[in-house]
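Trainee: dropping a prediction and its sequence here:
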Amino acid sequence: MKQAADTSANQAGTAGEKTFPASAKAAPSGSAWSPLSHPVFRMVWIATVASNVGTWMHDVGASWMMTSLNPDPLMIAMVQAAGSLPMFLFALPSGVLADIVDRRKYMLFAQVWMLVTAAALGVLAFGGLVTPGVLLGTTFLLSMGAAMSAPAFQAIVPDLVPKSDLPQAVALNSLGINISRAIGPALGGLILSFAGPPAVFMLNAVSVVGVMYALYRWKPAEKKKRLPPEHFIPAIRTGIRYVRSAPVLRIVLARSVAFFLFGSAGWALLPLVARQELGVGPGGYGLLLTSIGIGAVAGALLLPRIRAALGADKLVVVSSLIFAMTMLAQAYVRHFWLLAGMLLFAGFSWIAVLSTLNVGAQRSTANWVKARALAAYLTVFFGSMTAGSAIWGQIASLLGVTTSFVIAAAGMAVASAAVLRWRLDTSPALDLSPAELVSLSSTETDHDRGPVMISVEYDIDPAEAGPFTTAARELERVRKRSGALSWALYEDKENPRCYVEVFIVESWLEHLRQHERHTANDQAIRTRVHAFHRGPAAPVIRHLIAPNAAS
């Protein structure tokens, strides 16, 4: 898969091999390498490592070429922004499409898009026709392809490995990206030195072919759907409502902004440090990026042990402070090998934060909305990278590279402390495997009827009214996550034992989808709330549908 920056996007399988349903029972966790024992995962993991080598070669070639076309710091930083902006703009719509269309065909289209774009840039470079605008435009188009495929690739990982191997699969995908980071920049710098940017761009195009072949060979298990697919705009609204009602995912997003907005300076301004401050050529710039990649690989291998010792929150804070220190090193250290050694710690801290947040995003999203929710994570990630690249490039143009790094490092330290109120370690373990409610009867003519108001009437002991109300607030998030437009809890003033929960959905079809979207975690919350009911029978549930025009 092609990526304009390190998204830690998780890749998928191929070759018609066995896939694993998300509801598969978890087995005892295996080793860090256990996902590679599954042929589906292994083939695409290898293909994507090779493809990401091409991506990093393009990044080196594009950034270095811009230093020749226009050495203004803002223009150099705009290369990073052009690679990040499409993810910010298109990740969420792409996530919606990945949830409602054939993911395999959609991902194949994205790979073809990137192959054509990368080849076109190579041809233009061979003809001497690349201007700053052309370079930024083609980099933007390449990242559009990454934006198309990234949410889909992330969403299918749970189908490729057993549930017990999911954390290892996420870590291996991050490791694979950083292996390519260790190889790609050095190889790109070497090719730049001997053959120039055109050869780098053409090799990037060739690197897409392996992933295309893997996706072509992959035959995913067909999933039977009883309900018609969602429409595009309502699906976007449903995805946004899910994110707003998923506390763990919101914590991940807040921590992402705090780190990536300031950390983007380390990537956006590194070409200027290499060329203007250190006076090295493309090979030297590639070696600096390789140093970051080696640090990231080492970090990925040591991460399970370190995370177990520190916990997620301390790991993110410590890693953020280490990355801030490496940005100060870029500001003041002017000895090449000393800076390269310090950038090892930049790679280590980057992968530590990225992997921790990515696992948090994966574990906090249900399968039915996984591509959309992970697209929201990518949107925040790349939005922060895009905005940060533009900000630090502008500051570097006005105040200098050193000042820009100092401000970014200080901002990262302050932001990391500010977001400690949103803790990852205290987030509850979630079981998001499907646990469908009792099916409702329906006819095709019912589907478009709406809106629908659902009421649930409880008989509550007045002495338990407080705990019941607190528990019901958790149920509010369950309803809204699965598609409710609004939710309220009412107390009957004539009968203090009677409480009525009311929520509204867009249509009868959307309420049918609510039943299919129900997870084991949702069921546990629902069971806790219903346990307060003291009536002789179960709570009374009513479905009230707005009359149609004919009525």
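Mentor: Everything's here; your move.

Trainee: show the subsequent helix or strand relative to the lowest-mean-pLDDT helix or strand in the chain.
Mentor: Least confident helix or strand, the chain: helix 166-195 with a mean of 76, by mean pLDDT, DSSP states H and E. Following helix 166-195 in sequence order, the next helix or strand is helix 197-207 (DSSP states H and E).

Trainee: and the helix or strand containing Ser389, which residues are buried?
Mentor: Assigned by DSSP H and E, Ser389 falls within helix 370-399. By 16 or more other CB atoms under 10 Å, the buried positions in helix 370-399 come out as 370-393, 395-397. Glycine gets a C-beta too; all of them are placed from N, C-alpha and C.

Trainee: check stretch 500-516 too.
Mentor: Neighbour-count burial for stretch 500-516 [16+ other CB under 10 Å]: 500-514.

Trainee: of all pairs in these, which one spans the longest distance?
Mentor: Farthest-apart pair in the buried residues of stretch 500-516 is Val500 and Leu509; separation 24.4 Å (CB to CB).

Trainee: where along the chain do the strands fall?
Mentor: Applying DSSP state E to the chain gives strands spanning 452-459, 486-491, 498-505, 540-545.

Trainee: in JSON lines: these, plus mean pLDDT.
Mentor: Output for these, formatted as JSON lines (pLDDT from 0 to 100):
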{"stretch": "strand 452-459", "mean pLDDT": "94"}
{"stretch": "strand 486-491", "mean pLDDT": "93"}
{"stretch": "strand 498-505", "mean pLDDT": "94"}
{"stretch": "strand 540-545", "mean pLDDT": "90"}
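
Trainee: let's have these in TSV, adding distance to Ala50.
Mentor: Converted to TSV, these look like this (distance: least, CB to CB, whole Å):
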stretch	distance to Ala50
strand 452-459	50
strand 486-491	48
strand 498-505	46
strand 540-545	53
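
Trainee: out of the ones you listed, nearest to Ser207?
Mentor: Ranking the strands of the chain by proximity to Ser207 (CB to CB) places strand 498-505 first, at 45.4 Å.

Trainee: tell me which strands the closest one pairs with, and in which orientation.
Mentor: Using DSSP bridges, the strands paired with strand 498-505 are strand 452-459 (antiparallel), strand 486-491 (antiparallel).

Trainee: who's in contact with the last one?
Mentor: Translated: strand 486-491. Outside strand 486-491, the residues that touch it by CB atoms under 8 Å, 6 or more residues apart in numbering are 465, 469, 472, 476, 479-480, 498-504.

Trainee: so, low pLDDT: which residues of the chain?
Mentor: For the chain, the stretches with pLDDT under 70 are 1-32, 163-164, 166-167, 171, 178, 221-226, 425-430, 434-447, 548-551.

Trainee: could you list the domains of it?
Mentor: Domains of the chain are assigned by automatic domain parsing as 34-220+228-421, 444-545.

Trainee: would a markdown table of those domains with distance to Ser433 be doable?
Mentor: Shown next, in a markdown table, are the domains of the chain (distance: least, CB to CB, whole Å):
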| stretch | distance to Ser433 |
| --- | --- |
| domain 34-220+228-421 | 8 |
| domain 444-545 | 5 |
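
Trainee: among those, which is the most enclosed?
Mentor: Each of the domains of the chain was scored by mean neighbour count; the highest is domain 34-220+228-421, a mean of 22, by mean count of other CB atoms under 10 Å.

Trainee: any idea how far it is from the chain center?
Mentor: Once both centres are worked out by CA atoms, centre = their mean, to the nearest Å, domain 34-220+228-421 turns out to sit 10 Å from its chain's centre.

Trainee: do the same with stretch 504-515
Mentor: 27 Å.

Trainee: hmm, back to that, nearest to Leu270 among the strands of the chain would be which one?
Mentor: Closest to Leu270 of the strands of the chain, according to CB to CB: strand 486-491, at 47.9 Å.

Trainee: any chance of the strands paired with strand 498-505 in TSV, with distance to Leu175 too?
Mentor: Shown next, in TSV, are the strands paired with strand 498-505 (distance: least, CB to CB, whole Å):
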stretch	distance to Leu175
strand 452-459	46
strand 486-491	42
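
Trainee: wait, which of these is closest to Gln154?
Mentor: Of all the strands paired with strand 498-505, strand 486-491 sits nearest to Gln154, with 29.0 Å by CB to CB.

Trainee: so what would you say the end-to-end distance of stretch 238-256 is?
Mentor: Its first and final residues considered, stretch 238-256 spans 22 Å by CA to CA, to the nearest Å.

Trainee: correction: the previous question concerned stretch 217-227.
Mentor: End-to-end distance for stretch 217-227, by CA to CA: 28 Å.

Trainee: what does stretch 491-504 give?
Mentor: Terminal-residue distance, stretch 491-504 (CA to CA): 18 Å.

Trainee: excluding its backbone neighbours, what's nearest Phe126?
Mentor: In space, not counting the residues next to it along the chain, Phe126 is nearest to Pro198; the distance is 4.4 Å by CB to CB, 6 or more residues apart in numbering.

Trainee: which residues touch that neighbour?
Mentor: By CB under 8 Å, 6+ apart, the contact set of Pro198 is 122, 125-126.

Trainee: out of the residues you listed, which sit inside helices?
Mentor: Those of these mapping onto helices are 122, 125-126, per DSSP state H.

Trainee: okay, the residues you listed in TSV with distance to Val96 next?
Mentor: Converted to TSV, the ones in helices among the contacts of Pro198 look like this (distance: CB to CB, whole Å):
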residue	distance to Val96
Gly122	32
Ala125	35
Phe126	38
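
Trainee: how close does the nearest residue to Met148 once chain neighbours are set aside sit to Ala152?
Mentor: Excluding the flanking residues, the one nearest Met148 by CB to CB, 6+ apart is Ala110, at 3.7 Å. Distance, Ala110 to Ala152, by CB to CB, to the nearest Å: 8 Å.

Trainee: kindly report the same for Phe262.
Mentor: On the measure of CB to CB, Phe262 and Ala152 end up 29 Å apart.

Trainee: now do Leu160
Mentor: Counting by CB to CB - Leu160 and Ala152 are separated by 12 Å.

Trainee: one step back: and of the buried residues of stretch 500-516, the nearest to Met148?
Mentor: Using CB to CB, Arg513 comes nearest to Met148 of the buried residues of stretch 500-516, at 24.6 Å.
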